[in-house]
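Enquirer: The following comprises the amino acid sequence and a computationally predicted model.
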Amino acid sequence: MFENVGSFRNLRSEPSLGHRLTDRAWMAFLDRMSPDSQQNFALAFLSILFEGAPFILLGTLISGVIDVYLPAGTMDRFLPKNRVLAILVSGLLGIVFPVCECAVVPVIRRLVKKGLPVSCGLTYMLAAPIVNPITALSTWKAFEGQNALLIVGSRLLIGYGVAVLIGLIISRFSMRSILRPGLVDQVEEDTCTEAACCDHDHEDSHACGCGSSCSDDHDHGDRSERRIVAAFRSAMKDFIDVAVYFTVGVTITALFNTGIAPGAEWLDRLANHQVGAPFALMVLAFVLSLCSTSDAFIAASLDKFTWGAKLAFLTFGPMMDVKLLFLYQTVLKRRTIVLLALGLLLIIGAICIGWQELVPHRFSSHAISTMK
Amino acid sequence: MMKAKNRRILFSLAMLIWSGVMLYFYASGRISKYLAEEFRTIALLGGLGLAVVGLFNLLTCGQPAESCHDHGCGDCEGDHEKGDIHPLLAFVLMVVPLGLCVAWTKDDFTGQALSRKGLYDAPSRISSTPFLESLSGPITPETMQKGHQMNPDGYYQFSLMELFFSAGDRELQSALEGMKIETEGRWALEKVRNENGNRARLYRLFMTCCIADSRAVPIVLEFEGAPPDLTEEDWVKVDGTIHFPVENGASQPVLQVDHAESAEPPYEETFMRN
C-alpha cells in the first residue's frame, strides 16, 4: 500500500532524522486509517459536530448582537466596582446566561472586546458551563440514586470556586500577557475608537469628538438595517473563527474516540487509585470533549471509578478539553492556555482528592457504585 | 489579503455547506443514527440558523454595514471581520473534513470501534443503577412477568438493556433466573470465552447525547451447537432461557437460545437515556 510513498521518499536526498520520524508517524497513521477506521471516524466526527454546531451558532449570534448593540463598557458597568466582588459576581453570571463551554467562548471574546475585564471574562468563561441551571439539572438526573445532592452540590461549588480562584490569579496580570495579541489590539482599538470617536449616544447626538463632522444625514431606518448587516457579519466572523478550531478539536476527539489515535486503555488500570483515578478521568474528560450539559450521563456510567474521580471529570471537562484547547486559542495566548490547563489539572485534582477524603465514609465510591 | 466581499462569500458558503449537511441528515432521517432525540431538533434549528445567517451574509456581502467609524473617522469596513487565520484555510478546514466524513460514513460503527465501546466488556463492570430506578418494591419472578408481555410461544419480551443491567443486581438476577425470554438486538461474533464455539453476542448501543458517547450493551447468547450463520450487525430476534453464571469473577447474563432469526430494525435502533 505504501510502496509509492516509499519510492517518493527515496527521491529525496538523505532525509533528516526529523523527516524520517515524521514520515514514519504519518505512515503509521495512514495504516490506522483503514476503511473501517474511516467509517468509525466519520460517524464520531459527524455526531459531535452535529451536536456542537448549533450551540456554537447560538453563542456567535449572541456575540454578534453584543458586538453591534451593546455599547462598550456596559458589562463593566453592571459589575461591582470592587475587583474581587466583580470576579465573584462573574462566576455566577451563568445562572442568568446559561451557556455551555462551546457557546461561551465566542460570547466571552466579544464581551472582553466590549470592555469586560479579562479576569471577570475568564471567571465567567470557566464557571458558566458548570454554574448554570441546565448543567445542574442534567447532573442531578444522571446521578439520581447515586447521591445526586452531593455530586451536584460539589460540582457547582468546586466549579465556582476554581473559576473564581483562576479569575483572582488572572486579575494580577496585564491583559497583554493573557490574551492573544490580535484580540488585545482589537480591544485597544475598539476602546480608543469608542472613546475618541463615538463618545456619544448612538441614538441621539452625533457630536463626535474626533474632529470630523458626524452630522451625517443617514436616516435611522437605514442605519438600523446597516446595524443588522453588521450584527450578522460579526456573528458569521465569530462562527468561522470558532468553527475552525472546533473542527480541529472534533477531528482529534473523534480519532481518540474511535481508537485510531493511540492510548486510552491505560485509564482502566487506574480506576480504583485514590490519586490516579481523578487524574485519569480528567485526561478522559479532556480527550472526550463532552458538552457540560450532558457529560454527567457519561460520568454516572463510569462505575469503576471513585466518586471523587467522577467529580474531577465533571469539573475539569467543561473548563478544559481538546476542543476547548482550540477554542481558547481564539481568546488566549498559547502560554496562558498551557498554564491554565496545568493549573486546572492540579487544582481540581487536589480539591477532588481532598474532598473525597473529607466527606463521610458512607459517600465512598463503593457505597455509591452499589447504591440502589 | 483577500477582499472583504470575497471573504464574506467564502464564509457564507462554508456556513451554507454546514447547514446543508445538517439539514440533509435531518430531513433524510439519518440524524437518528447520530444524535439522541432531544438533540435532533436542536440540530435542525442549528441547520436552519446556519442557513439564515449564511444566506443573509451572502445576499448582503456587498452592502455597507455600520461600524464605529461610520461617523467620519475613517472607513474600517471589513477590519472587524478579519479572522485569525487565512479565509481560504478556514474554508478548507471547515469543509474538507466534513466532506470526507459525509463520504466515509455508513451511519454505523464497525466491530473495531464497538469493541472499544464495551462490546466485549463484562456487563457487571459497566452496569449502572439509574436504569433500574423504574423498578420499585420487591423484585420477584411474578412482578417481572407482570410487567412484561408474553409472546405466543410463551417467552416474556424483555429489552436488551434490562437483561444487560440485571448483571449488576442480585435481586433481579434471582427473579429472572431460568425465565423464558425473548429479546432483540444486533448480532456479533463472540470473541471471548468461546472455547466450544457455541456462543455469539447480542448488542445494542446506548447513547446519551450523540453516537460518539455511546456504549455497547451486550449479552451472551449460547447455542446447543454452532451459532446460526447470521450476518454481523444484522438485527436478530432470539428466544431462550436466561441464566447468570459467574464467569471471570463476575455475573454474566447468558441466554441459552432456543430460536434465533433475522428481524427488522426497531424504529429507534439505539437506546436513549430517556
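Expert: Arrived safely, thanks for sending.

Enquirer: Need the contact partners of stretch B:253-264.
Expert: B:123, B:163-164, B:166-167, B:181, B:183-184, B:202, B:219-223, B:227-228, B:230, B:234-245 (CB atoms under 8 Å, 6 or more residues apart in numbering or on different chains). All C-beta spots, glycine's among them, are computed from the backbone N, C-alpha and C.

Enquirer: What ranges does the stretch 101-250 of chain B have for its helices?
Expert: Using DSSP state H, counting those that start in this stretch, the helices of the stretch 101-250 of chain B run over B:111-116, B:141-146, B:160-165, B:170-176.

Enquirer: filter the contacts of stretch B:253-264 by proximity to chain A?
Expert: Counting by CB under 8 Å from any CB of the partner chain, nothing from the contacts of stretch B:253-264 sits close to chain A.

Enquirer: which among these end up buried?
Expert: The neighbour count (16 or more other CB atoms under 10 Å in any protein chain shown) marks B:123, B:163-164, B:166-167, B:181, B:183-184, B:202, B:219-223, B:227-228, B:230, B:235-244 as buried among these.

Enquirer: can you list the weak-confidence ranges in the stretch 151-274 of chain B?
Expert: Applying pLDDT under 70 to the stretch 151-274 of chain B flags residues B:273-274.

Enquirer: Can you show me the strands along it?
Expert: Applying DSSP state E, counting those that start in this stretch to the stretch 151-274 of chain B gives strands spanning B:156-157, B:180-189, B:199-207, B:215-222, B:235-243, B:246-247, B:250-251, B:254-262, B:271-272.

Enquirer: Output these as JSON lines; include the columns distance to A:Val338.
Expert: Shown next, in JSON lines, are the strands of the stretch 151-274 of chain B (distance: least, CB to CB, whole Å):
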{"stretch": "strand B:156-157", "distance to A:Val338": "55"}
{"stretch": "strand B:180-189", "distance to A:Val338": "42"}
{"stretch": "strand B:199-207", "distance to A:Val338": "34"}
{"stretch": "strand B:215-222", "distance to A:Val338": "32"}
{"stretch": "strand B:235-243", "distance to A:Val338": "48"}
{"stretch": "strand B:246-247", "distance to A:Val338": "46"}
{"stretch": "strand B:250-251", "distance to A:Val338": "41"}
{"stretch": "strand B:254-262", "distance to A:Val338": "50"}
{"stretch": "strand B:271-272", "distance to A:Val338": "38"}
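
Enquirer: I'd like to know which of those is closest to B:Arg7.
Expert: Taking CB to CB, strand B:199-207 is the member of these nearest to B:Arg7, at 38.2 Å.

Enquirer: Hey, what's the angle from that closest one to strand B:180-189? Just curious.
Expert: 90 degrees (axes from the mean of the first three to the mean of the last three CA atoms, to 10 degrees).

Enquirer: Hmm, A:Val68 is touching A:Arg227, no?
Expert: Yes: judged on CB atoms under 8 Å, A:Val68 makes contact with A:Arg227 at a distance of 5.3 Å.

Enquirer: out of the two, which sits in the busier spot?
Expert: A:Val68 (22 against 19; other CB atoms under 10 Å in any protein chain shown).

Enquirer: Find the nearest non-adjacent residue to the more buried one, please.
Expert: Closest residue to A:Val68 apart from its sequence neighbours, by CB to CB, 6 or more residues apart in numbering or on different chains: A:Ala231 at 4.1 Å.

Enquirer: Secondary structure element holding that neighbour?
Expert: helix A:220-257 (DSSP states H and E).

Enquirer: gap between the spatially most central residue of chain A and A:Val250?
Expert: The centroid of chain A falls nearest to A:Leu324 when counting by CA atoms, centre = their mean (3.9 Å). For A:Leu324, the distance to A:Val250 (CB to CB, to the nearest Å) stands at 12 Å.

Enquirer: joint contacts of those two?
Expert: A:Ser289.

Enquirer: Next, the buried residues of stretch B:89-98.
Expert: B:Ala90, B:Phe91, B:Leu93, B:Met94, B:Val95, B:Pro97, B:Leu98.

Enquirer: returning to that earlier point: of the strands of the stretch 151-274 of chain B, which is nearest A:Lys310?
Expert: strand B:215-222 (15.7 Å).

Enquirer: elements contacting the closest one?
Expert: Applying 3 or more CB pairs under 8 Å, 6 or more residues apart in numbering or on different chains; DSSP states H and E, one finds that strand B:215-222 contacts helix B:160-165, strand B:180-189, strand B:199-207, strand B:254-262.

Enquirer: which other helices and strands contact the first one?
Expert: It stands for helix B:160-165. Partner elements for helix B:160-165 (3+ CB pairs under 8 Å, 6+ apart): strand B:180-189, strand B:199-207, strand B:215-222.

Enquirer: returning to what we had before: now distance to B:Lys3 too, for the helices and strands packed on strand B:215-222, in TSV please.
Expert: Rendered in TSV, the data for these read as follows (distance: least, CB to CB, whole Å):
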stretch	distance to B:Lys3
helix B:160-165	56
strand B:180-189	53
strand B:199-207	45
strand B:254-262	59
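
Enquirer: For chain A, what's the nearest residue on the stretch 1-150 of chain B?
Expert: The stretch 1-150 of chain B approaches chain A most closely through B:Gly46 (2.6 Å), counting by CB to the nearest CB.

Enquirer: Just give me the neighbour total for that residue.
Expert: B:Gly46: 25 neighbours (other CB under 10 Å).

Enquirer: That one contacts A:Gly59, correct?
Expert: No: B:Gly46 is beyond contact range of A:Gly59, at 11.4 Å (criterion: CB under 8 Å).

Enquirer: rewinding a little: filter the buried residues of stretch B:89-98 down to the ones close to chain A.
Expert: Within these, those near chain A by CB under 8 Å from any CB are B:Ala90, B:Leu93, B:Met94, B:Pro97, B:Leu98.
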